[in-house]
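Asks: here is my input; please provide its structure:
(2 chains)
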Amino acid sequence: NCVHLSHLTPSLTPIVPQQSEAIVIYTGWERHALVGSDIRLSCSFFSWRWTSDDVTFSWSYRADGARDSISVFHYTGGSPYVDNKGPFRDRLEFVGNPGRRDGSILLKNLDYGDNGTFTCDAKNPPDIVGRASSVRLLVFEKVPIQAGVITGAIIGAVLGLLVLVVVIYYLMRFLVARRVFNLSVSKHGKKGKGKEGSQQRQASPLSVGSLTTTTQR
Amino acid sequence: MLLILLAVLILHLIILVLLFVSTIANAWTVGGTKNTDLWYSCLTTNVGYHCSSASNEDWIQAVQALMVLSVLFCLFSLVFFMCQLFTLVKGGRFFFTAVFQILASLFVMCGAIIYTVMRPDGEKDAAFGFAYILAWVSFPLCLPPLTAMCE
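Replies: A predicted model of the protein is given here:
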């Protein structure tokens, strides 16, 4: 009895792994900072799943001009692990809140040697497929002026001055015109009262005169 | 009289066009393959024409602002000229036109001076481009119309 193997092949249903959609990680694009200051590098993610207890955050650093990147921070199993041997020892602090999907770190006392690219990678099991996001750190002696700020300020100031001058000019003209109007109104008013007063004065001597004439009679 | 007014109008338009071209054209400093102006710095390479935005230093922003303001004031002066042309009594003065035109020429002069003093370091054969020259030319052109209008 040869049993054909072909009849014996069990129906192999492929084991489909639990669907995990991609995780999206957000960091800044570029960060500017002054020498000696502190900077907070933020990292958060979006995932369709609830934040699991096994969420991990991982920061790595690649200096400007270097080829490799080193790992400087890792959060796993509910505990953060900061760099204690590398260039950021004693200068790195975890200020994020993994429960709120925030894996930000704080870098203290920056120096020119800290120029480089920081990459944040977050995993939210079973959401593990995603692209790490990078933020570029630029350390300056003084923060450079952004394009167009001074231009806009000068143009705005001059045009504002122009508008102000025009408004003041028309206001002065309006006030002067109103004053002239008030003066002319009061002049007319005095003339009218004057006429009445003179009539009264003319009337009173007549009455006095008539009294005297009556008394004389 | 009519001829003088017509000449002033044409001169106004010419100045406006010069200022526009000077502000926009990419030829303040030219040298070899590199053209620089107030807004961009462009490089002609084998592959093509690449532009990057000009440096964000204080002085170049000030020159940008002054050139834009001079264009605006020249425009205002032209508008006032057209208005006053039809509403002015005989013997009146084109006061506002002259004031705005003076301000426009002052701004373009200041802008050109600042650019001359602080010009960006270019290549060895960097020379001033035509847009820069136009800026300087438009400055004295503003003056004859003033004398014509103040008569």
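Asks: from here on, just use CA atoms for contacts and neighbour counts.
Replies: Will do.
Asks: ok, A:Ile105 to A:Asp38 distance?
Replies: Computed as Cα to Cα, to the nearest Å, the A:Ile105 to A:Asp38 distance reads 11 Å.
Asks: where do the strands sit along chain B?
Replies: B:29-31, B:34-36, B:40-44, B:49-53, B:127-128 (DSSP state E).
Asks: what lines up beside the last one in the sheet?
Replies: So that's strand B:127-128. strand B:29-31 (antiparallel) (DSSP bridges).
Asks: so how far is the partner strand off the chain centroid?
Replies: Its chain's average C-alpha position is 19 Å from that of strand B:29-31, according to Cα atoms, centre = their mean, to the nearest Å.
Asks: now the element after the helix or strand of chain A with the lowest mean pLDDT, going C-ward?
Replies: None of the helices or strands of chain A scores lower by mean pLDDT, DSSP states H and E than helix A:5-8, at a mean of 53. Later in the chain than helix A:5-8, the nearest helix or strand by DSSP states H and E is strand A:23-27.
Asks: of A:Ile105 and A:Asp38, who's got more company?
Replies: A:Ile105 (19 against 16; other Cα atoms under 10 Å in any protein chain shown).
Asks: that one contacts A:Val95, correct?
Replies: Yes - between A:Ile105 and A:Val95 there is a contact at 5.4 Å, judged by Cα atoms under 8 Å.
Asks: which residue sits closest to B:Ser70, ignoring its sequence neighbours?
Replies: Spatial nearest neighbour of B:Ser70, chain neighbours left out: B:Ala104 (4.2 Å); criterion: Cα to Cα, 6 or more residues apart in numbering or on different chains.
Asks: give me the number of residues near the one you found?
Replies: 28.
Asks: and chain B, which residues reach chain A?
Replies: The interface of chain B toward chain A, taken as Cα under 8 Å from any Cα of the partner chain, is made up of B:Ser55, B:Asn56, B:Glu57, B:Asp58, B:Gln61, B:Ala62, B:Gln64, B:Ala65, B:Leu66, B:Val68, B:Leu69.
Asks: could you pull out the helices in chain B for me?
Replies: Here chain B has its helices, by DSSP state H, at B:2-24, B:58-87, B:95-117, B:130-141, B:143-150.
Asks: ditto for chain A
Replies: Under DSSP H, chain A gives helices at A:5-8, A:149-216.
Asks: lowest average confidence across the ones you listed, which one?
Replies: Mean pLDDT is lowest for helix A:5-8 out of the helices of chain A, coming in at a mean of 53.
Asks: which among the residues of chain B next to chain A gets closest to B:Val8?
Replies: Of all the residues of chain B next to chain A, B:Val8 sits closest to B:Leu69, with 21.0 Å by Cα to Cα.
Asks: contacting residues for that closest one?
Replies: Each residue near B:Leu69 by Cα atoms under 8 Å, 6 or more residues apart in numbering or on different chains is listed here: A:Ile155, B:Ala104, B:Phe107.
Asks: how is chain A carved up into domains?
Replies: Here the domain assignment for chain A is A:17-143, A:144-190, based on automatic domain parsing.
Asks: around chain B, pick out the residues from chain A.
Replies: Residues of chain A lying near chain B (Cα under 8 Å from any Cα): A:Pro144, A:Ile145, A:Gln146, A:Ala147, A:Gly148, A:Val149, A:Ile150, A:Thr151, A:Gly152, A:Ile154, A:Ile155.
Asks: can you put the residues you listed in JSON lines and add neighbour count?
Replies: JSON lines is the format used below for the residues of chain A next to chain B (neighbours: other Cα atoms under 10 Å in any protein chain shown):
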{"residue": "A:Pro144", "neighbour count": "11"}
{"residue": "A:Ile145", "neighbour count": "12"}
{"residue": "A:Gln146", "neighbour count": "12"}
{"residue": "A:Ala147", "neighbour count": "17"}
{"residue": "A:Gly148", "neighbour count": "18"}
{"residue": "A:Val149", "neighbour count": "13"}
{"residue": "A:Ile150", "neighbour count": "21"}
{"residue": "A:Thr151", "neighbour count": "21"}
{"residue": "A:Gly152", "neighbour count": "14"}
{"residue": "A:Ile154", "neighbour count": "19"}
{"residue": "A:Ile155", "neighbour count": "19"}
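Asks: list phi and psi for the residue positioned nearest the centre of chain A.
Replies: For chain A, the residue nearest the mean C-alpha position is A:Gly28 (14.2 Å; Cα atoms, centre = their mean). The phi/psi pair for A:Gly28 (degrees, to the nearest 10) reads phi -70, psi 180.
Asks: do you know how far it is from chain B?
Replies: Distance of A:Gly28 to chain B, given as Cα to the nearest Cα, to the nearest Å: 22 Å.
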